[in-house]
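Enquirer: Give me the fold of what follows.
(chains A, B, C, D and E)
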Amino acid sequence: MYRYVLGCALAAGVAAAAPANAQDSVKIGLVEPLTGSVAYNGKSVVEGAKLAVEQINAKGGVLGKPVELVIEDGQCAPANSVNAVEKLVQKDKVAVLVGAFCSSATAAIMPVAQKYKIPLVTGVSSSAALTEQNNPWFFRAAETDALMAKAFAKILANDLKLKSVAYVGVNDDWGRGGVEEFSRDLSALGVKTAMTEYFDHGTTDFFTLLTKLRAAKPDGIFVAAETQDGSILVKQLQEMGLQSKVFGVGSWATADFINLTGDAAEGIYAAVPYVSSVENPANQDFVKAYEGKYKVKPGKYGAAGYNALNITAQAIARAGGTDAEAIRKALAQTDYKAPNGNYRFTAKGQAYGFDAVLVRIEGATPKVVASAPVEAPQ
Amino acid sequence: MSTITMDAPDRTATAGDPVLRVQDLHVAYGSTAALHGISLDVHAGETVALIGANGAGKSTTLRAISGLLKARSGSIDWNGKPIANRPPEEIVAAGIAHCPEERHVWPGMTVEENIALGAYLCRSKDEVRTRMGMAFHRFPRLRERARQMAGTLSGGEQQMLAIARALMSEPRLLMLDEPSLGLSPRMAEEVFEVVRAINAHGVTVLLVEQNIHNALAVASRAYVVQTGRITTARPSAELRDDPELLKAYLGG
Amino acid sequence: MDLFLQFLANGLVVGVFYALSALGLTLIFGLMRVVNFAHGEFYMLGGVVGWFVTTYLGLDFFSGLVLVALVMGSFGWAVDRFLIERVRGQGEEPGILLTIGLSIFLVNITLLAVGPAPLKVARAITEGPIFLGPVTITKMRLLAMVIGVALIFAAHAIIHRTRLGSAMRATFQDPMAASLAGIRTKQVYAATFALGCTLSALSGMLLASIYSAQASVGGLVSLKSFVVVILGGMGSFPGAIAGGLLLGVAEALWGGYVATGMVDIIGFLLVILILVLRPQGLFSIRAERA
Amino acid sequence: MTLERNVLLGLGVLAALLPFAVTDQYLLHLAVMALFYAILANSLNLVVGYVGEFSLGHTAFLGTGAYTAALLSVNAGWPMWAAVPAAGLVAALFGLGIGAITLRLQGPYFVIVTLSFAEVLRIIANNWIGVTNGPMGLAGVGQGGIADKRVFFAIVLGLAALTFYLSYRFVYSNAGRAAVAVRENRYVAQSIGVNPFGSAMQAFVLGAFMAGLAGGFYAFYISFVGPEVFRFSFMATIIIMVLMGGKGTLVGPVVGAVIVTLLEEYLRELQELRLSLFGLIVMAIVLFLPNGLMGFIARRREQRGDAPSLSPAIEERTV
Amino acid sequence: MTALPTQRHGGEPLLRAENLTMRFGGITAVKQVGFSVGPGEIVGLIGPNGAGKTTCFNMLTGFYTPTEGRVFFKGADVTSHKPHAIARLGLIRSFQKTNVMKRLTVFENVLTGHYLEGRQSLLATFFPGERVRRAEREARESAAAVVETMGLARRMNAPAHLLSCGELRLLEVAVALAAKPTLLMLDEPAAGLNSHEALLFGETLKTLIGKVVQSLLIVEHNMELVMGVCDRIVVLNFGQMLAEGEPREILNNPKVAEAYLGKAAA
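Expert: Reported below is the predicted structural model:
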């Protein structure tokens, strides 16, 4: 009986894996968290990516074929992301991989991509270490914390006239990276560090942390947190009656964030690689298309998905085929005009040249305060 | 629920239709058979004893009657109506109360709560209060301990409490499982006094008891149960005066 | 000193919230002994349903709360009758696996239905800080505490003052004796589960109006609630309050004087300590379980 | 006994032949993951199935194993053949410590306290930046080493063979019978001279050792280790495997691991519905196959009148 | 009442209980009970339900620590020893009703009973040498033999939960015997047997003495069995010793009759 069950299972496995589709489309694999606690942001990336594919296919696709997006749930977990990549590469035969959101998951799939010689583009993972692994197949179409810090530290220190800053970050690789980079660059500019604290993702009550913060009496509060944690934190900042200037990184310049935070969002600053209120024609087209499709303005993750897909598709077009090595070379030559500026890659695969913005939330909309191009790291 | 018409109490009557009739009852725990065809009759106003060795199936019989156990086959009729495999609450409502072995009072509830819950199916608060008054009247010691946790009572007091609780449903038939278990002779004697008094008030009693002399002193008839079967059914007096019985019982 | 007072106040507020979110589990895990890993999902559903009825049905907060209680009560009843009932009396394992499956199902079906975004639940009153000497607290928090304490007392009253409550305690202390008294134990189990589910959902909605509702919050709530119930002693309402306050204050002080980065470790360390030193919990007397 | 041994041997031979029959790397990857999970499920089964205590903290050993191997590889450059056994030994040490505390408790207390240990370790791993690199995790484990998936398959098959051999020896030895006696009837076990605590401890430490080996392998295979190895979702997967296959048998966890691994992958076709469906399947298993697939098969055999030899049959649980 | 040393057999008794007292909360379950079991003896411990027999058993075998009093086995004080430690000295007991592992087969039950003989290091478990393999083989042979002795050969591979009441009783004794006891203590071994079965069971017990076990201590309700098998009987009532003596003395003791049967009134 069990032999029978096993036999069936194995047979089913072989059968389901066998048919390799005739290549009548160009496949791009996308690994994002669709379940679990970061699913919210993962979904935005997928939305942006889907919009990009729609637009590309409306214009006739690439190489004369439509682009097919194969989406897998990596749950931001290394093992699950590796499973997803194995499936995308072996079963779906994707030409390029995009993903995997969390830096830890991306770190786990990078060797897989390298082994199979499939280009991997991430639009999100920001851990600086990723581009230091000498993996020629890896490209990051995203800012790193260090690059953001470099772009804005001077503006923050000079324009907001901050003397001391308290740093608060979510206790993961991204939050810690943000806090470390910003505090390093701001300290170099003479801004004192009043306090550094981390909190776990999913924390709902920040009063203890804010009590310490109030005692530290900083001029400014730097926060690295995503929508869910960030909105609660900012709300409670107001509830505690704290008056310090708040600025930070995260998907803050979005309608969801402002809606969740309410009037507590007024006057806070956010350094983001993308905001929907940038006034240039390319962006306005993007925002209109995105809003038309999803009834909501794009945030940084929507834009990240959109950009990553466009960069990938353009590279395939330039490569003139789905040969991995050709695509890799084409990716290295990227010069992509995004809604938020131009993307190019350094030799290590780090994107630069696009504009990051500092926004201030006024009247429930993010107003651009400053804009700075993200420069290539030395 | 049906109301039960009572015959005039007649402690020795065996004629006429029995109020409780069990016929060829089979019960099993999982795949282990426990009863292999028990048949017995109880008439209104009687006190009937089930006697026999440990594990013979006396308690199992009571549990099957009160609906705690499912009957594999056979019938249980109460006033002519089949009640086998009905849920316990229906059987309590029909007028059969079961006072289980080892008392099973709720240790973490007060004596008062224990007693009050005995009348769970009675929706009228006044009625419950009246019945509680009667219970405390019958068991004055429980009134003294009304606020105490039942778990802190002595064995005899717990037994009294269990009986008082069972009586709160105003049963027509009271089934008592080993009421003298672990009690001192004086205490046991007290319990049996109570049983006699209850019976005198017209409540039919079905008694499982190991202390055979006490059992026979209370009961008018007795059934001897051995390994899941009834082996003897005789009037108590007959058994009591038969010296062979002692040996038969002791000899299993 | 001022700092300490504020920490203490924060800890007490959060402690009440912890007690509140563990209330349902006190019934289901503490009394019924179902190791319910779907507890956090009941809590989450309270918030999500609360968001739905206040946003789409246009109900005010309190009517929404009542509707959530009704919906989640029926849901809990159904879960017990159709799922838990079938594994009752078989030890912990089937219940654990069943509720793990249920929680996976509920999270993901919610994710499908309302998406992964945090949801904003209407507030009962306008927000505003209150200053008590050196201590800052907010109106909404005070209200939530009041409602929370009221719920805790209400739950306690149901257990100790009503017919159903007596039936519950009787059933959990001795199910056989309960059957013999005419209590329909299956109904009592289902009612208890429904009550537990309702309490979880109410606290979910209440706290979602202060924080936010989201499909994925359940896991953390489950874990913290287990901590609270174990700390307080299984099935004890006063214990749950004490356990919640202990956890809240311990976390606040640890966060305040050590680091906020790993406050979650406190609860688990306390659980390990308590279980090793005093397995029946801090505030439980063995004989009385309700 | 012999039947179970033969089934395991047969499965082992089948698995050994797999790389020759299958060239598809994805399938091979699934096979590696299935075997990895089979080791884990088997190790948990020693505690859940044979000692009869429900541990929800088994990821503590998976995690310590994974971190040990990753640290030894990244910091000290240990090769896989040395780091993986070390991972097993360190996990066994943790098992000894945690078991000494937790095995005094039973029932729901044991469940929660084991879970607490796993969570404590996760939080430590997440915050002890100096050693574990915190949430950034340890990347590049065993880099530049093995590249061929078939080699990984051979290694995990070897580990599986070793762990199943050890389990088999244990389960069918005097010591294993003592553990079963404790599970079935603690009092009887004591009355025939079994020390319940010591007996449970043996199985617990053995389970920890094997989970540590699996963790060490995981570190090298995935090449990245972060605090998520301690997470409850991992635990849920393993426990589902054990109970789905049938606890208290050696074949059950293998079957469970294979089915769940394949199920999780093939449900991918259903996209967003997949985890909802997975939850439903788990519930259905509890309700309709309460003793797992092996229990179901054993019962069928019993009904057909064969001697029950695969698993202790079912019928009544302890009342 | 204190222990009466067993003069008939001379020398130190195998098991000696002195002044055993057990209180649970405020209730005294057993009060100052003392008796002994000599080599080669079959001693019966009788008394009405709730008289404290099982509590005595639990104190003798380490499952309860007595509030007062001492237990000596083979001359050594074992009063606060753990149950398994006492078992390892050769004092093996059975439990009322539940002395088997229901999901295991008859053979597996008895084989498990051989635990003490087959203890070995973990290394030997994983890499069994010839000695361990031989021990295992011998244990299996011995288990089969014990099953045979107890007349259960026909049910060798039946799961215990399928056994009849009588077979279960035999299996309980078989499991205990497998542990090679010096002194075997049986708690109501004949419960649920009819008189014929009980008689046969008694005969089986008698054959064990001197061959398989040195002595027996039996708690039993079945008087015929007790009277027929035991050399000496200790009677408990309400946790205290009521009488001690040979079966005939006990049978004619009016106090015993009263305790057992209630007042011989009416």
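Enquirer: can you pull out the helices in chain E?
Expert: Using DSSP state H, the helices of chain E run over E:53-60, E:83-88, E:106-113, E:122-126, E:130-149, E:165-178, E:195-208, E:223-229, E:247-251, E:254-261.
Enquirer: got it, and the stretch 101-250 of chain A?
Expert: A:103-116, A:145-159, A:173-188, A:207-216, A:227-239 (DSSP state H, counting those that start in this stretch).
Enquirer: Among the helices of chain E, which comes closest to residue E:94?
Expert: helix E:165-178 (4.8 Å; C-beta to C-beta). (Each C-beta comes from the backbone N, C-alpha and C, glycine too.)
Enquirer: residues of that closest one that come out buried?
Expert: Neighbour counts over helix E:165-178 (16 or more other C-beta atoms under 10 Å in any protein chain shown) mark E:165-178 as buried.
Enquirer: Can you tell me how far the most centrally placed residue in chain B is from chain D?
Expert: Closest to where the C-alpha atoms of chain B average out (C-alpha atoms, centre = their mean) is residue B:175, at 1.3 Å. With distances taken as C-beta to the nearest C-beta, to the nearest Å, residue B:175 is found 22 Å from chain D.
Enquirer: who in the stretch 1-150 of chain E is up against chain C?
Expert: The stretch 1-150 of chain E comes close to chain C at no residue, as judged by C-beta under 8 Å from any C-beta of the partner chain.
Enquirer: Mind telling me which residue of the stretch 1-150 of chain E is nearest chain A?
Expert: The nearest approach of the stretch 1-150 of chain E to chain A comes at residue E:103, 19.9 Å away (C-beta to the nearest C-beta).
Enquirer: circling back: isn't the residue nearest to the centre of chain B up against residue B:98?
Expert: Yes. Residue B:175 is within contact range of residue B:98, at 4.6 Å (criterion: C-beta atoms under 8 Å).
Enquirer: what is in contact with the two at once?
Expert: B:62, B:65, B:66 (C-beta atoms under 8 Å, 6 or more residues apart in numbering or on different chains).
Enquirer: wait, does the longest helix seen in chain D contact chain A?
Expert: For chain D, the helix with the greatest residue count under DSSP H is helix D:196-222. Yes. Helix D:196-222 is in contact with chain A by C-beta under 8 Å from any C-beta, via D:218, D:222.
Enquirer: does chain C sit close to that helix?
Expert: No. Helix D:196-222 lies apart from chain C when judged by C-beta under 8 Å from any C-beta; the minimum separation is 14.1 Å.
Enquirer: and the angle from that helix to helix A:103-116?
Expert: When axes from the mean of the first three to the mean of the last three C-alpha atoms, to 10 degrees is applied, the directions of helix D:196-222 and helix A:103-116 differ by 60 degrees.
Enquirer: Next secondary structure after helix D:196-222?
Expert: Once helix D:196-222 ends, the next helix or strand along the chain (criterion: DSSP states H and E) is strand D:224-225.
Enquirer: can that following strand be found next to chain A?
Expert: Yes. Under the criterion of C-beta under 8 Å from any C-beta, strand D:224-225 makes contact with chain A via D:224, D:225.
Enquirer: Low-confidence stretches in the stretch 251-378 of chain A?
Expert: Along the stretch 251-378 of chain A, the parts satisfying pLDDT under 70 run over A:378.
Enquirer: For the worst-scoring helix or strand of chain C on mean pLDDT, buried residues please.
Expert: Ranking every helix and strand in chain C by mean pLDDT, DSSP states H and E puts strand C:129-132 at the bottom, with a mean of 79. Of the residues in strand C:129-132, none has enough neighbours to count as buried (16+ other C-beta under 10 Å).
Enquirer: Quick check: mean pLDDT of stretch D:183-191?
Expert: The average pLDDT for stretch D:183-191 rounds to 87.
Enquirer: and if you look at stretch B:115-127?
Expert: 90.
Enquirer: mind checking the end-to-end distance for that stretch?
Expert: Using C-alpha to C-alpha, to the nearest Å, one end of stretch B:115-127 lies 13 Å from the other.
Enquirer: any residues touching that stretch, and which ones?
Expert: Under C-beta under 8 Å, 6+ apart, the answer for stretch B:115-127 is B:89, B:92-93, B:106, B:109, B:128, B:131-132, B:135-136, B:142, B:161, B:164-170, C:163, C:166-167, C:170, C:181-183.
Enquirer: Pull out the buried residues from those residues.
Expert: B:89, B:92-93, B:106, B:109, B:128, B:131-132, B:135-136, B:142, B:161, B:164-169, C:166-167, C:170, C:181-183.
Enquirer: Surely residue A:36 forms part of a strand?
Expert: No. Going by DSSP: H, G, I helix; E, B strand; the rest coil, the assignment for residue A:36 is coil, not a strand.
Enquirer: Any idea how many residues pack against it?
Expert: Applying other C-beta atoms under 10 Å in any protein chain shown, we find 25 residues neighbouring residue A:36.
Enquirer: The nearest residue to it once chain neighbours are set aside: neighbour count?
Expert: Distances taken as C-beta to C-beta, 6 or more residues apart in numbering or on different chains place residue A:75 nearest to residue A:36, at 5.0 Å, with adjacent residues excluded. By other C-beta under 10 Å, 28 other residues sit near residue A:75.
Enquirer: Tell me if residue A:75 really is in a strand.
Expert: No. Applying three-state DSSP, one finds residue A:75 to be coil, outside a strand.
Enquirer: how far away is the residue sitting nearest the centre point of chain A from residue B:79?
Expert: Nearest to the mean C-alpha position of chain A, counting by C-alpha atoms, centre = their mean, stands residue A:124 at 2.5 Å. Distance from residue A:124 to residue B:79, counting by C-beta to C-beta, to the nearest Å: 77 Å.
Enquirer: Okay, strands next: where are they in the stretch 101-250 of chain C?
Expert: C:129-132, C:135-138 (DSSP state E, counting those that start in this stretch).
Enquirer: how about a markdown table for these, with distance to chain E added?
Expert: Formatted as a markdown table, the strands of the stretch 101-250 of chain C follow (distance: least, C-beta to the nearest C-beta, whole Å):
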| stretch | distance to chain E |
| --- | --- |
| strand C:129-132 | 47 |
| strand C:135-138 | 46 |
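Enquirer: could those go into CSV alongside distance to residue E:139?
Expert: Output for the strands of the stretch 101-250 of chain C, formatted as CSV (distance: least, C-beta to C-beta, whole Å):
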stretch, distance to residue E:139
strand C:129-132, 74
strand C:135-138, 70
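Enquirer: of all those strands, which lies closest to residue A:259?
Expert: strand C:135-138 (19.8 Å).
Enquirer: List the buried residues of that closest one.
Expert: C:136, C:137, C:138.
Enquirer: Redo these as JSON lines? Include distance to chain D.
Expert: Formatted as JSON lines, the buried residues of strand C:135-138 follow (distance: C-beta to the nearest C-beta, whole Å):
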{"residue": "C:136", "distance to chain D": "28"}
{"residue": "C:137", "distance to chain D": "29"}
{"residue": "C:138", "distance to chain D": "29"}
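Enquirer: which of those residues are close to chain A?
Expert: Okay, of the buried residues of strand C:135-138 touching chain A (C-beta under 8 Å from any C-beta), that's C:136, C:138.
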